[in-house]
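**Student:** sequence first, then the predicted structure, then my questions.
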Amino acid sequence: MLFQDVADWYPLIDDVCEKCGVPELGSKIRAEFSTMRMTCCLGVAYPDRKLIRLSRPLWPYATETDRAWVIAHEACHVVDAYRNGPTPPHGKPWKALMRKAGFKPDRCHKVPTKFAEQEAQRKRAARQAGAFASPRKRHARSEVGKCACGPHPLTKNTATRMRNGSFYSCRKCDQLIVLEEIPASTFS
């Protein structure tokens, strides 16, 4: 089984729940690919919602064994919370459940994240270069603030907050940024 489709995951989730002594829980756990940019973790469990989210960017780089392991890993988090309430994420009860399910109770996966991170960086760079440009600019920098190390382009909201009394300091020199208004045509 390749665990490529969400429907492929449910028999394993049911099996894990049955081996852990809570067969009624298997049908209540939902699984889906994450819509977030998960490029470091292969899966995340939300025990209170009985939900497992798996990384779409990393999934192609995972072997069948890695995929089965992460599905069991996250299912055991849901089972642990169901049986024991809130507990430390990788504590003794969770480790015992992983062993019952027939998996090694490791905390981290072994899937290389480098490729997924590179892909995400490539997409961000292309978006910034305008390859995926939207019809309108989302964060037009129409005003500028200054500090000891130089100018800082500011969004309209930040400039408004500064006019209303908020203070911002520079991350480089730790000096206070002072609002200096300039014409919008200068920062297009």
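**Tutor:** Right, received. Where do you want to start?

**Student:** how about the contacts made by residue 26?
**Tutor:** 10, 13-18 (CB atoms under 8 Å, 6 or more residues apart in numbering). Where you see a C-beta, it was placed from the backbone N, CA and C, and this is true even at glycine.

**Student:** for residue 46, same thing?
**Tutor:** 52-53.

**Student:** what lies in contact with stretch 159-169?
**Tutor:** Contacts of stretch 159-169 (CB under 8 Å, 6+ apart): 142-143, 145, 147, 154, 158, 175-177, 179, 181.

**Student:** mind checking which of the residues you listed land in strands?
**Tutor:** Cross-referencing the contacts of stretch 159-169 against strands under DSSP state E gives 142-143, 145, 147, 154, 179.

**Student:** of all those residues, which two lie farthest apart?
**Tutor:** The distance between the two most remote of these (CB to CB) is 18.5 Å, for 142 and 147.

**Student:** residue ranges with poor pLDDT in the protein?
**Tutor:** The chain contains residues with pLDDT under 70 at 1-4, 115-117, 130-141, 181-188.

**Student:** from the contact counts, what lies against the lengthiest helix in it?
**Tutor:** Looking across the chain with DSSP state H, the single longest helix is helix 64-84. Contacts defined by 3 or more CB pairs under 8 Å, 6 or more residues apart in numbering; DSSP states H and E place helix 64-84 against helix 10-19, strand 43-46, strand 51-54, helix 92-101.
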